[in-house]
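Participant: show me how the following folds:
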Amino acid sequence: MTRPPSIVVVLSDEHAAAATGAYGHPVVRTPNLDRLAEQGLLFENAYCTSPMCVPSRLSLLSGRYVHEIDAWDNGVVPDASFRSWGHHLRPAGYESVLVGRTHFNGPDRLLGFDRRLSDDLDFWVDHDGRPPARTPGWRRGSNSHVTECGAGEHVHTRHDVATTDQALDHLRQRATDTDETPFLLYVGYMHPHFPLVAPREFAGWYDPAHVPLPPTWQDPPEQQHPVIARLRYGFHNEEPLSPDQVRLATASYWALVSHLDSQVGRLLAAIDGSRLRENTVVVYTSDHGEMAGHHGIWQKQCFYEPAVRVPLLLRLPGHRAPARVTGDVSLVDLLPTLRDLAGLPVDPELPGRSLCGRPDLPPRPAFAEYHAQGMVDGGFMLKRGRYKYCSYVGHRPQLFDLDTDPWERTDLADDPAYADLLADLAGQMERIVSPDVADRRAKADQRRRLGG
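Facilitator: Coordinates of the predicted model:
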C-alpha cells in the first residue's frame with residue numbers, strides 16, 4: 001500500500017495573483033514561487049470565497065462557503081461544530097501542525113489541529129466575537145493602509161522570519177525522524193498584508209519612479225457603482241492620492257511580496273534538500289488579494305480581480321511536467337484536494353472538488369461573498385469563464401466580460417444584449433445561495449453578537 005504523502009500548505013495574506021512572476025507580472029520578483037509553478041500545477045483562475053481575512057480562512061479550513069458556516073466577518077469565533085483540515089485528515093493518520101498566522105478567533109488555538117508551533121501576533125487575535133459596524137456612516141480611522149508605506153522595520157516581518165525558522169525546525173526533524181507518520185504542516189505568513197512597510201533590502205529592488213500606475217487608479221467615486229463608492233468612503237479610499245504616493249505604496253507592496261517569496265524559498269530548500277522531497281506535496285495560496293490602487297481602492301472587500309483572484313500552486317511528489325490550469329477553481333477546493341491526497345473518500349457535504357481530480361469534470365463557477373464593514377448590505381460574486389456577475393442586495397448588479405475588459409471598466413449589466421446571460425448567472429448563483437436570505441441571516445447573527 002502506498003504511503004500517503006506529507007503536505008505543506010503555505011498561506012500568505014493579501015497576495016493578488018497578478019503580483020507574481022509566474023502569473024505574468026513583468027516586474028515583481030518571485031523566483032521561488034516561479035520555480036514552484038514550474039514544477040507543478042498553476043491555477044490561472046483561482047478565487048477566494050470572501051475578500052476578507054477571517055471569513056476566507058474559515059471557509060478555506062472548513063471547505064465550506066461563508067454562508068454555510070456563518071463566517072460573516074473578522075469577529076466570528078468558530079463554534080464546536082467547526083471541522084478543519086485537522087479533523088478531516090485525522091482518520092488518515094496525519095499529524096496536523098500549525099505555525100504562524102492563522103487569523104482565526106477564540107480561545108481554541110488549534111481548531112482541530114494536533115499542535116501549534118507559534119501563534120498569531122497578539123493584536124490580530126480577536127476573542128470577543130464582536131462584529132464590525134455595517135452602517136452607512138461607518139468610516140475607518142484613516143487611509144494608513146496606503147499612506148503608511150516605504151522601507152523600514154516592522155513586526156510583521158519579524159513574525160514571518162520567525163515563522164519560517166520554526167517551520168524549518170519541524171521539517172528538519174521530520175526529515176531525519178524514523179517516524180513514517182504523514183504530516184500536514186500549515187505555514188501562515190503576514191506578508192504582503194499592509195501596513196506596506198517593507199524590509200530595506202527588498203524595498204531597494206523596486207524604484208517607485210518606474211512603477212506604472214493602473215489605468216483605473218483615478219476613477220472618480222461619483223461615477224462608480226454606488227456600492228463601490230460607499231466602500232471607498234468607508235475605507236478613506238475616496239481621498240485623492242498623488243501619483244508619487246501610489247507609486248511608493250505599490251513598490252512597497254511588491255517588496256513585501258518578494259520578501260514573502262524569500263521565506264517560501266527557505267521552506268523549499270529544506271524540503272528539496274532532504275528525503276522529504278520524495279513524498280511531500282507543497283501548496284501555496286493566499287486568503288485574498290489586494291486592490292493596490294485599481295479603481296482607486298486599497299485593501300480588498302470587493303469583487304474586482306485584484307481582490308478575489310489569488311495565486312494557487314500545487315506541487316506533487318516526483319518530477320512531473322508543469323501545467324497551467326485555466327478553469328475556474330475556488331479555495332473551497334483545497335480541502336477536497338487534501339482529502340484526495342490522503343486517500344480519503346469524497347465528502348459529499350463539501351461544495352468543492354479535488355484539484356487532483358479527473359480532467360473531464362465539467363466547468364464550475366467560482367463563488368464569493370462579503371458581509372462586513374464598508375458594505376451595508378450583502379455582496380455576492382459568481383465568476384464563470386469569461387464573465388463575472390456581482391449581486392448586491394438592494395442595488396443593481398454588475399456584469400463584466402474579462403476577456404474583452406480585463407480591467408473591469410465596462411459594466412454590461414444594463415445592456416439589453418446581456419439580459420439572458422445576466423438572468424442565467426443570477427439563477428446559477430441562486431442554486432448556491434439566496435442573496436436575500438444570506439443577507440438577512442448575516443445581519444441577524446451580527447445583531448445577536450452585538451447584544452441587540
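Participant: show me the helices in the stretch 251-400 of the chain, by range?
Facilitator: Here the stretch 251-400 of the chain has its helices, by DSSP state H, counting those that start in this stretch, at 305-308, 334-341.
Participant: winner for burial among those?
Facilitator: Among those, helix 305-308 has the highest mean neighbour count (mean count of other C-beta atoms under 10 Å), at a mean of 24. In short, each C-beta sits where N, CA and C put it, glycine included.
Participant: what mean pLDDT does that helix get?
Facilitator: Averaging pLDDT along helix 305-308 gives 98.
Participant: what does that helix contact?
Facilitator: Defining contact as C-beta atoms under 8 Å, 6 or more residues apart in numbering, one finds that helix 305-308 is touched by 16, 18, 47-48, 51, 288-292, 294, 297, 300-302, 368, 381, 383, 402, 406, 408.
Participant: please apply the same query to stretch 433-440.
Facilitator: Residues outside stretch 433-440 that contact it (C-beta under 8 Å, 6+ apart): 65, 67, 367, 369, 371, 377-378, 380, 391, 393, 429.
Participant: please apply the same query to stretch 310-321.
Facilitator: Stretch 310-321 is contacted by residues 5, 15-17, 20, 22-23, 33, 36-37, 39-43, 46-48, 277-289, 329, 331, 337, 355-356 when judged by C-beta under 8 Å, 6+ apart.
Participant: please, which helix or strand holds residue 429?
Facilitator: Using DSSP states H and E, residue 429 maps to helix 419-432.
Participant: name the helices or strands packed onto that helix?
Facilitator: Counting contacts by 3 or more C-beta pairs under 8 Å, 6 or more residues apart in numbering; DSSP states H and E, helix 419-432 packs against strand 379-384, strand 387-392, strand 395-401.
Participant: dump the ones you listed to TSV, plus mean neighbour count and distance to residue 106.
Facilitator: Compiled in TSV, those are given as follows (neighbours: other C-beta atoms under 10 Å; distance: least, C-beta to C-beta, whole Å):
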stretch	mean neighbour count	distance to residue 106
strand 379-384	24	26
strand 387-392	24	30
strand 395-401	19	33
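Participant: would JSON lines of the ones you listed with distance to residue 265 and mean pLDDT be doable?
Facilitator: Converted to JSON lines, the helices and strands packed on helix 419-432 look like this (distance: least, C-beta to C-beta, whole Å; pLDDT from 0 to 100):
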{"stretch": "strand 379-384", "distance to residue 265": "31", "mean pLDDT": "98"}
{"stretch": "strand 387-392", "distance to residue 265": "33", "mean pLDDT": "98"}
{"stretch": "strand 395-401", "distance to residue 265": "35", "mean pLDDT": "98"}
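Participant: before we move on, back to that, from the contacts of stretch 310-321, which ones fall inside strands?
Facilitator: Per DSSP state E, strands hold the following members of the contacts of stretch 310-321: 41-43, 46-47, 280-286, 329.
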